[in-house]
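Student: based on what follows, work out the 3D shape:
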Amino acid sequence: MKIKIAIKTDSRLLLSGLVFLLTALFDFDNSFANPDIASSYLVRTIVLDAGHGGKDPGCHGNKYQEKHVALAIVKELGRQINESYPDIKVIYTRDEDVFIPLHERAAIANRNRADLFISIHCNYIAKRNKAFGTETYVMGLHRAEENLMVAKRENSSILLEEDYEEHYDGYDPDSPEGHIILSMYQNAYLSQSIQLAHHIEENFKNQLERHSRGVKQAGFLVLRKTTMPSVLVETGFLSTDEEEKFLGDPKKQKAMAASILDAISKYKSEVEDVPAVFLASSGPEDTDSTVPEKTADIVFKVQLAASSKFIPEEDSQWKEIREIEVIKDANLYKYLVGHYTSLDKAKAKQEEVASRGFDKAFVVAYKGEERIPFDEAIKIVGAH
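Tutor: Below is the predicted model of the structure:
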């Protein structure tokens, strides 16, 4: 259903009602809202978004413009990802000083079926040298007036677009009510977005000794329609002399990129490499016994999905899947089927569950009780 945002700013009673309703529906004061189950994925494609560009310079410091700083950090981050993870495809929403509409940035990520979307920006307030620090945003309800003002400033870029009312359903960047309704858009990947955002802010604080203003929620249009874990990183304040000098330094830009890359690596490890803890079913769905002794401890399984909360076997979404194995770590429950020593059988199972709606299911490998990289498993099996 398409929501038309057309509420007038004098509707104070309606605004209060919306806030009350949203507070009742979403427990935002309890470490943000937990989403329902989200399809699992390997981190294979990352879309990097340099904020602003072209006729939209973003915010200004005394010397540097946001659009140039954001692009420099994004290109350095992309270079480091390619160097560290050659199998990951990096896509830029822009790799030069051009204007890209906000809705098109999300569309680029969606068209390429990205696994992560990272938007890089610089912060600003009107008073010089009165604010400092980094903050990373995920899509959601504005929890404070300050968050609202940041979102309004970044979202104001749409006024430079032709027919922006058509692309953003009548959204008014100057309307508080519009921002609240915008934040009601569901983000199925909120938990994973928060997970990545947390690592980014922790790295800024611990590795770069930056002041972290924390992980926050706000209604950023660039995050609104992305269909993958997505974050918007405010790398510092161009309105503060010390931070502007930091952000304009190529060596510091490289360090910022390295810190974000490390956060991606931590996130990647958490969502892809999790030890088995318990079973939700009585046993594996399929077992092969006629295999060489040396490779019998290599097992292939199919990962269906992941969730920040436990989804019981009797839940309707599992109605066509038998004997689901549940793997848990500190943050995520993962759901798998099968127990194959034959990779071909595992791939056949992957195709089967994809036809039942789990189109992002993928094959994982275990050696005994320990999950191992898929390529390593193939080498071991192929060597015998």
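Student: wait, Asp49 sits on Phe117?
Tutor: Yes: counting by CB atoms under 8 Å, Asp49 touches Phe117, with 6.7 Å between them. The C-beta positions use only the backbone N, C-alpha and C, and glycine is treated the same way.
Student: any low-confidence regions in the protein?
Tutor: Along the chain, segments meeting pLDDT under 70 span 1-41, 141-188, 273-296, 308, 313-316, 329-331, 382-384.
Student: mutual contacts of Asp49 and Phe117, please.
Tutor: Here Asp49 and Phe117 have Ala109 as joint contacts, going by CB atoms under 8 Å, 6 or more residues apart in numbering.
Student: which residues touch Val98?
Tutor: Counting by CB under 8 Å, 6+ apart, Val98 touches 53-54.
Student: so it is in which element?
Tutor: Assigned by DSSP states H and E, Val98 belongs to neither a helix nor a strand.
Student: buried residues in the helix of greatest length in the chain, which are they?
Tutor: Determined from DSSP state H, the single longest helix within the chain is helix 250-272. By 16 or more other CB atoms under 10 Å, the buried positions in helix 250-272 come out as 252-264, 266-268, 270-272.
Student: could you pull out the strands for the stretch 51-200 of the chain?
Tutor: For the stretch 51-200 of the chain, the strands defined by DSSP state E, counting those that start in this stretch occupy 89-92, 116-123, 134-139.
Student: Arg140: neighbouring residues, count only.
Tutor: In this structure residue 140 is Gly, not Arg. Using other CB atoms under 10 Å, Gly140 is surrounded by 25 other residues.
Student: need the strands of the stretch 51-200 of the chain in TSV with distance to Gly214, can you?
Tutor: Shown next, in TSV, are those (distance: least, CB to CB, whole Å):
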stretch	distance to Gly214
strand 89-92	27
strand 116-123	13
strand 134-139	6
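Student: next helix or strand past the strand ranked longest in the chain?
Tutor: Determined from DSSP state E, the single longest strand within the chain is strand 298-307. Toward the C-terminal end, the helix or strand that comes next after strand 298-307 (DSSP H and E) is strand 325-328.
Student: any idea how far the residue nearest to Arg210 when sequence neighbours are not counted lies from Val233?
Tutor: Nearest residue to Arg210, sequence neighbours excluded (CB to CB, 6 or more residues apart in numbering): Phe204, at 4.4 Å. Distance, Phe204 to Val233, by CB to CB, to the nearest Å: 9 Å.
Student: could you export stretch 214-231 as CSV, CA atoms only?
Tutor: Written as CSV, here are the backbone C-alpha positions of stretch 214-231 (Å, rounded to 0.1, in the frame of the first residue of the first chain):
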residue,chain,number,x,y,z
GLY,A,214,26.5,6.5,19.6
VAL,A,215,24.1,4.5,17.4
LYS,A,216,20.9,6.4,16.7
GLN,A,217,17.6,6.1,14.8
ALA,A,218,16.2,8.6,12.4
GLY,A,219,14.1,8.8,9.2
PHE,A,220,16.7,9.1,6.5
LEU,A,221,15.3,9.0,3.0
VAL,A,222,18.4,7.3,1.7
LEU,A,223,17.8,4.4,4.0
ARG,A,224,14.0,4.3,3.6
LYS,A,225,13.7,1.8,0.8
THR,A,226,16.9,-0.3,1.0
THR,A,227,16.2,-4.0,1.2
MET,A,228,19.3,-5.0,3.2
PRO,A,229,21.1,-4.0,6.4
SER,A,230,21.8,-0.2,5.9
VAL,A,231,23.6,2.4,8.0
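Student: for Lys130, grab the count of nearby residues.
Tutor: By other CB under 10 Å, neighbour count at Lys130 equals 10.
Student: then Tyr124?
Tutor: As a measure of burial, Tyr124 has 21 neighbours, counting by other CB under 10 Å.
Student: same thing with the one 10 residues further on?
Tutor: Burial of Thr134 is recorded as 24 neighbouring residues (other CB under 10 Å).
Student: try Tyr189
Tutor: Per other CB under 10 Å, the neighbour tally for Tyr189 reads 24.
Student: so the nearest residue to Phe358 once chain neighbours are set aside versus Glu272, what's the distance?
Tutor: Nearest residue to Phe358, sequence neighbours excluded (CB to CB, 6+ apart): Leu304, at 4.8 Å. Leu304 sits 14 Å away from Glu272, taking CB to CB as the criterion.
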